[in-house]
Every structure is written in structure tokens, then in C-alpha cells.
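Asker: Next one to model:
(chains A and B)
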Protein chains: 2
Amino acid sequence: MKPRLPSEAFAQLFLEARTHNGWRDEPAPDALLEEAVEIAKWGPTSANCSPLRIVFVRSGEAKARLAPALAPGNLDKTMAAPATAILGYDIEFYEKLPRLFPAADARSWFAGNPDLIEETAFRNGTLQAAYLILALRALGLDTGPMSGFDKAVVDREFFPDGKTKSNFLVNIGYGDPARLHPRGPRLSFEEMARII
Amino acid sequence: MKPRLPSEAFAQLFLEARTHNGWRDEPAPDALLEEAVEIAKWGPTSANCSPLRIVFVRSGEAKARLAPALAPGNLDKTMAAPATAILGYDIEFYEKLPRLFPAADARSWFAGNPDLIEETAFRNGTLQAAYLILALRALGLDTGPMSGFDKAVVDREFFPDGKTKSNFLVNIGYGDPARLHPRGPRLSFEEMARII
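Answerer: Numbers count the residues shown, from 1 in each chain, chains lettered A, B, ... in the order given. The predicted model follows:
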């Protein structure tokens, strides 16, 4: 049996990690963004369907294209972040299943079933988004996930072929602890779960 | 800036972790299931909405209630697993926002908007489900997530008040490496992401 990870892993991934709104003047290196994707992609998805798609918005020109889509409360912090990941999901993910899941004709489970495609892409693209957040934290980076943006504007601007739908955004960099909001409480175990 | 976690953390969480289908004759202790929830709940959700709800199915009697909902290919391995988590999301999560997100009247963003409630609960309940899978792995446990089951049957049997919707299932225990399937390939960075 495997041992539990050392306590600093729980602290860095979950217990002391915070959603950041202010950023130190340090870049989020391309090599770390790439490494986070290369790590997170090994997390499990249904039939290995792997629908997550990502645009890392880094340049000033790309940030300017993103700005009109942002809710007012997300604008300044996003423009200041070293990078902003647009996390989306591929609604044609099933075309890659003959390669990703060769054990069965998994493509046929989805082709022509748009409700199942959407549900599967959204669920598994979101699982992979969570893996990415935790991979970034494992690499020492901080994150600031956000849902407040206009998806239609983002999709038109960054996914113009219509095959990828945006899910949510994540600012990435090294956070400024001085600009953290107070941490929100969480539910108790009993409010969330039971063992039967 | 925080350092990267030691390499064994990347191995145990992502690079060497596998989806298991066969289980060793070792229990998944209640204390570890509870600890995984207590860790995972600190992962980020939108406005701290925290919609994940969990039923850990452990007893023979509870397993027997779950069995009729399972796809045939998921039946035997689930009956043999030390525990099976039914992961759901609370579609009345917004009633807890005055406590979880006191900084704004976040309840009013959702009340009376069923499409936004469903989307938010599904997205954030799925993010929390991924955090739970990785928290279980961090504690040394193995997991086997599954989407193949009848949600209507599970919801009627385990969430009879109609306020929680099932999302997916996760078998939990100590996996038998001899019963692993070959690992599926993953997409390349370039197929998943770009930096602009």
C-alpha cells in the first residue's frame, strides 16, 4: 500500500492554498504552464475522453482580446495576472476516442447524441480543469479561478471554429498574500457526506 | 515563492496513479474517507458554493441497493470494492451562500434561475469531485471513477428528497495492480493547449 504524502503536499494543494486576486511582479514561465498540462493530463476521465482544451493568454495583445468578455469585478486582476487560462472543452472529443480508448468502439457511444456529448465534455473537461489547478499548485504557482465572463464573446474570439466551448477562466502567477480576501468557511463533513 | 512538491507527489497523484478495477482484501477505513473529504473541501469553488454531496456506500445492505443501478460492466468490481462513493451535487446549494459567502448577497444570483443553478452545481460539484479523487490518492488510496449507471435509480434510492443529483461514482480501496488494464495514451500538449 502506498503511504500518505508528506504534510507539505496537503498544505500546498489544499489546506493553505488560496484563490488569489493580486499578483506579484513575477512571470508564470511557459515551461511551468506546459509542465502543468503534461502532469494534469494523466488524471482520469471517462473512457479516457480527455476533452479539456486550454488557451493560455499571456501577451498584451491577447489580454486585450479577452478584456471585453470579463465581468467588471474580474477585469483589473485578470489584466494584471501573468497568465490567464481559458479552460474549454472539445465537443468533438469523441473523434479522438479510437486513439485514446482503443479497447471499444467508444466513438459510437457519442456520435449523433448531442446531449450526451455536452454532458460528458462538460463533466470531464471540468474534472481535468480541477486537475490542472492542483498541478499548477503542486508546481508552486497560485491560481485564481473565475466564472464571471461572457462565454459567447470568449468562444467567438478564442474558439472561432465552434468546436470548443469555454468553461471557466483561471488567473495564474505568484499571488500577493497581502491582497487575499478572508477565507470563506466550509461545510462540515456531516453536511456534505454520510457513510452507510 | 513556494517550491515544487517532491517528485513522489506527482507520481502518486498523477503520473503513476491508475484507475483500478480489482481490489485487494483491505478495507478503506472510515477515518480516511472522512479525512479525504475534510481535505478536498478546501479546494476552490465559485463563490465558495461547495455543492458536492457524497454517500459512501460500504455495507452489504447499501451495496445491494446500489447494484440495480449499475451498468453490467461496472457491477462486479463495484460489489467487490471496499467502498463506493456516490458523488452528487446539491441543487439547493445557494441556500447556504449567506454563510459560505457572506461578502455579497450571492443567494440572489441563483434563486429562481434553474439553468444557472444546474450549471453551477454541476461544474463546481465536478471540480470538488476531482479534488476528492486526488485527496484520496494523496492519502494512499486508489480510486476507480465510473459514469456507467442509472442516475434516476440512484437518485431515487439515495437522494429521495430530490435536492441532490448524482454525478458519478468512485470505487475506493487499495487496488490490485495485477488487474489493471493497459494505460491509455494521452493527447500531446499541442493538441490540448496553446500559449498566445
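Asker: Quick check: chain neighbours aside, which residue is closest to the residue at minimal distance from the centre of chain A?
Answerer: What sits nearest the mean C-alpha location of chain A, by C-alpha atoms, centre = their mean, is A:Ala129, with 3.0 Å. In space, not counting the residues next to it along the chain, A:Ala129 is nearest to A:Leu87; the distance is 4.6 Å by C-beta to C-beta, 6 or more residues apart in numbering or on different chains. C-beta: built from backbone N, CA, C; applies to glycine.
Asker: For that neighbour, give me its contacts.
Answerer: A:52-54, A:125, A:129, A:132, A:166-170 (C-beta atoms under 8 Å, 6 or more residues apart in numbering or on different chains).
Asker: Was I right to think A:Gly22 contacts A:Gly175?
Answerer: Yes - contact status for A:Gly22 versus A:Gly175: in contact at 6.7 Å, counting by C-beta atoms under 8 Å.
Asker: ok, the two, which is more surrounded?
Answerer: Shown here are A:Gly22 and A:Gly175; by other C-beta atoms under 10 Å in any protein chain shown, A:Gly175 has more neighbours (25 against 18).
Asker: Wait, that one touches A:Asp142, no?
Answerer: Yes - if you go by C-beta under 8 Å, A:Gly175 and A:Asp142 touch, sitting 3.6 Å apart.
Asker: so what sits against both of these two?
Answerer: A:18, A:20.
Asker: Which one of the residues in chain A is closest to chain B?
Answerer: At 3.4 Å from chain B, A:Ala130 is the closest residue in chain A, using C-beta to the nearest C-beta.
Asker: circling back to that earlier point, and the residue nearest to the centre of chain A, its phi and psi?
Answerer: phi -60, psi -40 (degrees, to the nearest 10).
Asker: quick revisit: helix or strand right after the host helix or strand of the residue nearest to A:Ala129?
Answerer: Taking DSSP states H and E as the definition, A:Leu87 sits inside strand A:83-90. Remark: after strand A:83-90, the chain's next helix or strand is helix A:97-100, criterion DSSP H and E.
Asker: who does that next one touch, helix- and strand-wise?
Answerer: Under the contact criterion of 3 or more C-beta pairs under 8 Å, 6 or more residues apart in numbering or on different chains; DSSP states H and E, helix A:97-100 touches helix A:107-110.
Asker: touching chain B at all, the helix it packs on?
Answerer: No - residues of helix A:107-110 are not located near chain B by C-beta under 8 Å from any C-beta of the partner chain, the shortest gap being 10.1 Å.
Asker: Residues in contact with that helix: which ones?
Answerer: Contacts for helix A:107-110 (C-beta under 8 Å, 6+ apart): A:47, A:93-95, A:97-98, A:116-117, A:120.
Asker: Can I get these in TSV including pLDDT?
Answerer: Output for the contacts of helix A:107-110, formatted as TSV (pLDDT from 0 to 100):
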residue	pLDDT
A:Ala47	97
A:Phe93	98
A:Tyr94	98
A:Glu95	98
A:Leu97	98
A:Pro98	98
A:Leu116	98
A:Ile117	98
A:Thr120	98
